[in-house]
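K.L.:
How does the following fold in three dimensions:
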Amino acid sequence: MVVMQKINVHKMRIDSSATIRQAMQAISLGCYGAAVVFDSENPAIFQRILTDGDIRRALLSGHGLEAPVSFISSGPQVLMKPEHSAEEVSLVFNQRVRLVPIVDEDSRLIDLWFHDKRVDIAVASPLFDDDEIALVNECMISGWVSSGGPFVTQFEDMVAKQIGIQNAISCSSGTTALHLVLMGYGIGPGDEVIVPSLTFISTANAVTYTGAKAVFVDSDPKTWNIDPMKIEAEITERTRAIIPVHLYGLPAEMDLINSIAARNGLIVIEDAAEAQGAKYKDRPAGMLGDAAIFSFFGNKVITTGEGGMVLTNNGDLADRCRLLRDHGMSKERRYWHEVIGYNYRMTNIQAALGVAQMKKFDRIICRKKEIANLYNVHLQDIKGISLPPEIDQLENVYWLYTVLIDKNLTGGCGVSDLMIALNDAGVDCRKIFLPIHQQPVYSHGLKLPVAEMISSRGISLPSSPQIRDDQIESICGIIKHRLDPANG
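P.N.:
Now for the predicted structure:
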């Protein structure tokens, strides 16, 4: 099972009257270790693939560089038809077969597929084009490369408008955004903040930075997010806030969480780092609590390289966050500091990337959903796989397309075995986050069985908006072959 790519044969093309020297030139130009031979009398007719190994053996047997390629013998040719799927084509590759021609009934070459383990498909990579280059170049020419410059406020305005919120405060990361919100609310030593354990560690770290204590809650098996039914048992007189995380792009059950918070006088801070563009009952993530944060790390829905944003309709909180992100410096008097602040600003170059990314935001979200749908179609009938949660009125943005593997139903093949198979084929993948309560820095013997189960069974598949449909099909072929060999 392999990862494949289609290739352009123009530079690799020779006709059957070509010499060995010409074949070697074509092989060098094509960069795939082979030439594609067509009939000299009928150039539309494909004849065969001629590899660099075929050439080497011909030279060793005494043929000169000016000998015609018709003198060269080659091994059996593996041909596939246009009606064969990418998955079926992938099955014929092995160490000896790296190029597979797709040929119609009239011997015309339709496609040529190539496999090489050096071809990697990343779990997530940003979608950049000329817009990003132009705006970053504008920063370089203007000299506005630090936190001053017009792109910072333009980016903030674009994000605020996209979700319909009054204040968007850019900063250096999603983690610093969380820290700013917590500090803006005055949360500190002696306080407690409820967080899900199944999330990236930054959610808890931001709480710890303030001197408060992160209190971990188990996951809901239906959504993989914090279980609202287990929150109230953890509320004490010290509890100040709840931070629900929209894990992997699916919103948490915000109505229930907000109701619990209202009954207990608590603040709700959305960690929407992975969920920009997601919706809860037609309301966008980022405006579902008292405040929220986005992350713009390189693998997020949109990216500024590193970066984050605070989102709130609370004007006092927004002012406080702006003050704290810039060393606590007074707006009225430059270099005057009445509070301890932080250097949490976003640069104009980062914001330029963000502006360019926001221009294609709808396209990125649409592609994310197309990718998830393709995975769903190819994986839905494989025994032992649980697809990402689909919950009525919760619109998933599929930050990373993530599935659960039950090795009891897959002949003993678990997450680690599947990751090895994917990695061997040049496909990057990731395990689900290790629950924070199991991390050495936060470990106190706590048992949260649902979070632990999801973590042990979860794997995230390539989800970049740049991934091609045929690559998804090939990845799914690998999974099917590994988990369900009888049908794969």
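
K.L.:
tell me the pLDDT at the residue nearest the centre of the chain?
P.N.:
With distances taken as Cα atoms, centre = their mean, residue 124 lies nearest the centre of the chain, 3.1 Å away. If you check residue 124, the pLDDT there is 93.

K.L.:
Make sure it is actually in contact with residue 301.
P.N.:
No. Taking contacts as Cβ atoms under 8 Å, residue 124 lies outside contact range of residue 301: 9.5 Å. Every C-beta, even on glycine, is put in place using the N, C-alpha and C of the backbone.

K.L.:
related to what we said a few turns ago, nearest residue to the residue nearest to the centre of the chain other than its sequence neighbours?
P.N.:
In space, and not counting its chain neighbours, residue 124 is closest to residue 299: 3.7 Å by Cβ to Cβ, 6 or more residues apart in numbering.

K.L.:
Now residue 206: which helix or strand?
P.N.:
When elements are assigned from DSSP states H and E, residue 206 belongs to helix 202-209.

K.L.:
elements contacting that helix?
P.N.:
Contacts defined by 3 or more Cβ pairs under 8 Å, 6 or more residues apart in numbering; DSSP states H and E place helix 202-209 against helix 174-184, strand 192-196, strand 213-217.

K.L.:
Any idea how many residues pack against the residue nearest to residue 124?
P.N.:
With neighbours defined by other Cβ atoms under 10 Å, the count for residue 299 comes to 17.

K.L.:
just residue 170 next, same as before
P.N.:
By the criterion of other Cβ under 10 Å, residue 170 has 28 neighbours.

K.L.:
Looking at it now. What's its pLDDT?
P.N.:
On the pLDDT scale, residue 170 is placed at 98.

K.L.:
so it bridges to which residues?
P.N.:
Listed by DSSP bridges, the beta-bridge partners for residue 170 are residue 309.

K.L.:
got the contact list for residue 162?
P.N.:
Counting by Cβ atoms under 8 Å, 6 or more residues apart in numbering, residue 162 touches 284, 358, 361.

K.L.:
at 7 Å instead, please
P.N.:
If a contact means Cβ atoms under 7 Å, 6 or more residues apart in numbering, then residue 162 has 358, 361 as its contacts.

K.L.:
Residue 47 too?
P.N.:
So residue 47 contacts 16, 37, 38, 39 (Cβ under 7 Å, 6+ apart).

K.L.:
Kindly report the same for residue 97.
P.N.:
By Cβ under 7 Å, 6+ apart, the neighbours of residue 97 are residue 78.

K.L.:
Assign it to helix, strand or coil.
P.N.:
Look at residue 97: counting by DSSP: H, G, I helix; E, B strand; the rest coil, its state is coil.

K.L.:
The one 5 residues further on now?
P.N.:
Secondary structure state of residue 102, per three-state DSSP, is strand.

K.L.:
Quick check: the gap between it and residue 14.
P.N.:
In this view, residue 102 and residue 14 are 19 Å apart by Cβ to Cβ, to the nearest Å.

K.L.:
now residue 335
P.N.:
Residue 335 sits 71 Å away from residue 14, going by Cβ to Cβ.

K.L.:
Most distant residue from the centre of this protein?
P.N.:
Max radial position in the chain (Cα atoms, centre = their mean) goes to residue 62, at 52.6 Å.

K.L.:
Model confidence for that one, exactly?
P.N.:
For residue 62, pLDDT reads 84.

K.L.:
picking that back up, report the contact partners of the residue nearest to the centre of the chain.
P.N.:
Per Cβ under 7 Å, 6+ apart, neighbours of residue 124: 299, 400, 463, 464.

K.L.:
Go through the residues you listed and name the one nearest residue 245.
P.N.:
Nearest to residue 245 among the contacts of residue 124, counting by Cβ to Cβ, is residue 400 at 13.6 Å.

K.L.:
any idea whether the closest residue to that closest one other than its chain neighbours is helix, strand or coil?
P.N.:
Using Cβ to Cβ, 6+ apart and skipping residues adjacent in sequence, the residue nearest residue 400 is residue 460, 4.0 Å away. Counting by three-state DSSP, the backbone at residue 460 sits in strand.

K.L.:
can you check residue 70 too?
P.N.:
Under three-state DSSP, residue 70 falls in the helix class.

K.L.:
contacting residues for it?
P.N.:
By Cβ under 7 Å, 6+ apart, the contact set of residue 70 is residue 16.

K.L.:
And for the one 4 residues further on?
P.N.:
In this structure, residue 74 makes contact with 48, 50, 54, judged by Cβ under 7 Å, 6+ apart.
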